[in-house]
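In: Can you look at this prediction? I've put the sequence above it.
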Amino acid sequence: MFYTYIIFSEILNKYYVGSTSNIEERLAKHNHNHKGFTGNKSDWKIVYFEEYTTKTDALKRELQIKKWKSRVMIEKLIKKS
């Protein structure tokens, strides 16, 4: 199984969209101190995810959501679930 996910940091008041084959492990990496957008805070929580059978489908959905560049659209998606 592959996943497209959205995580949220209350400290930053920001969303992050990604895809992975192991959502729990990926969240742990986001919450671990590392270089990159999510690495400087450790309060990321999964607020939304979708399951896919292929990595390609999960990645396509991730890119589709990122192209929105709209917090409003992301929050509407989260509220629908």
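Out: Right, received. Where do you want to start? Just so it is clear, the structure is predicted and the values come from calculations on it, not from any experiment.
In: From now on I want contacts and neighbour counts done on CA atoms only, so please keep to that.
Out: Noted.
In: and the helix or strand in which residue 63 is found, what does it pack onto?
Out: In the assignment (DSSP states H and E), residue 63 maps to helix 55-68. If you count contacts as 3 or more CA pairs under 8 Å, 6 or more residues apart in numbering; DSSP states H and E, helix 55-68 packs onto strand 2-9, strand 14-20.
In: mind putting the ones you listed in TSV, mean neighbour count included?
Out: Listed next are these as TSV, based on neighbours: other CA atoms under 10 Å:
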stretch	mean neighbour count
strand 2-9	21
strand 14-20	18
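In: Of all those, which one is nearest residue 26?
Out: strand 14-20 (6.9 Å; CA to CA).
In: Report the angle between the closest one and helix 55-68.
Out: 160 degrees (axes from the mean of the first three to the mean of the last three CA atoms, to 10 degrees).
In: OK, contacts around residue 4?
Out: 17-20, 49-52, 58-59, 61-62 (CA atoms under 8 Å, 6 or more residues apart in numbering).
In: Could you check the pLDDT of it?
Out: According to the prediction, residue 4 has pLDDT 98.
In: what does the one 3 residues further on give?
Out: Looking at residue 7, its pLDDT stands at 98.
In: Identify the bridge partners of the closest residue to residue 48 other than its chain neighbours.
Out: Excluding its sequence neighbours, the residue lying closest to residue 48 (CA to CA, 6 or more residues apart in numbering) is residue 6, at 5.1 Å. Per DSSP bridges, the residues bridged to residue 6 are residue 17, residue 48.
In: Give me the distance between residue 6 and residue 54.
Out: Per CA to CA, to the nearest Å, residue 6 is found 18 Å from residue 54.
In: What of residue 25?
Out: For residue 25, the distance to residue 54 - CA to CA - is 18 Å.
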